[in-house]
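Participant: Next input, structure requested:
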Amino acid sequence: MRSPSLLTLSILFFAIADLWLAFPEIDLAVAGLFSTPGVGFSARGSAWEQFMYGSIDELLVIVGLGLIGAWAIGRWRYPARQPKPLYKSLYKSLYKSLYKSLYKSLYQRVTGRRLSFLLLLLALVPGLIVNQILKEHWGRARPIQVEQFGGNRLFTPPFVISNQRGGSFSSGHVAAAAWLVAVAVALSGLGSAWSLLALLYLLAMVLARVAAGAHFLSDALTSILLVWMGYLVLQRLLHLDESAVVSEGRETA
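Facilitator: Purely as a prediction, here's the structure:
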């Protein structure tokens, strides 16, 4: 199963942008599903929303260090000790079923090029584009801040720079969760169980941020598309075609 081309994804991105510019009230309608007049966004501060909010930072550290560790082990691994003759057959059986399968499924896949690819994607899209450029300078007010939901700031469309001093556009948490999907796809393939698990986490993150009044739906969709587009751009720049990214690989770098 191949992912769409960069051209196809770019067309999709601009189609969504045009749709939201023409009908910005879509954001208000979706946010309104989670807001009760006089109460606000009831999911905000709940246990599951707080779990989703706090878990992404820990996952980024765990996955980031895990990727670096997997690359280091695969790059500088040492040969295993030779077993005693009495236990040779048992050793071989355990080696093949445990270590060898783990090595092939992870260590061989986290090559230097793939590690650079994934860390660059994290730094450039969730780190730089979303958190440092868009969130810091776009100015869009969050749902919980706008007048329609009890706030004192004006609602503005997603792709229009605003003076409302908000950090709604686009979502850093969703961008980070989308990067986890990119990691799973790059290492295990688009249809793998890991990719499905990461995708479910991403959808839960979108729901949590929208239900808490922290972001509009368009903020979340924009972050996902930006990460996806960054994935395809870096894939080309680093000469990693899809088959190379998801294959077990035999690179030593």
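Participant: got the contact list for the closest residue to residue 34 other than its chain neighbours?
Facilitator: Distance criterion Cβ to Cβ, 6 or more residues apart in numbering; nearest residue to residue 34, sequence neighbours excluded, is residue 211 at 4.4 Å. The way it works is simple: take the backbone N, C-alpha and C, and place the C-beta from them, glycine included. With contact taken as Cβ atoms under 8 Å, 6 or more residues apart in numbering, residue 211 is in contact with 34, 41, 43-44, 49.
Participant: How about residue 149?
Facilitator: 31-32, 35, 40-41, 143, 213.
Participant: returning to that earlier point: which ones among the contacts of residue 211 lie within helices?
Facilitator: residue 49 (DSSP state H).
Participant: And the contacts of residue 211, which is closest to residue 236?
Facilitator: Distance to residue 236, by Cβ to Cβ, is smallest for residue 49 among those, at 37.2 Å.
Participant: ok, the closest one - how many residues close by?
Facilitator: Neighbourhood size, residue 49 [other Cβ atoms under 10 Å]: 19.
Participant: and if you look at the one 10 residues further on?
Facilitator: Taking other Cβ under 10 Å as the neighbour definition, residue 59 ends up with a count of 16.
Participant: And the one 5 residues further on, by the same measure?
Facilitator: Around residue 64 sit 16 other residues, with neighbours defined as other Cβ under 10 Å.
Participant: got it, and the one 4 residues further on?
Facilitator: Neighbourhood size, residue 68 [other Cβ under 10 Å]: 13.
Participant: quick one: the one helix or strand it maps to to chain centroid distance?
Facilitator: Using DSSP states H and E, residue 68 sits in helix 47-75. Centroid separation for helix 47-75 versus its chain: 11 Å, with Cα atoms, centre = their mean, to the nearest Å.
Participant: now the helices: where do they sit in this structure?
Facilitator: Ranges of helices in the chain, per DSSP H, are 6-22, 25-32, 47-75, 88-94, 100-102, 112-122, 135-137, 172-188, 193-211, 217-237, 242-246.
Participant: No further questions, thank you.
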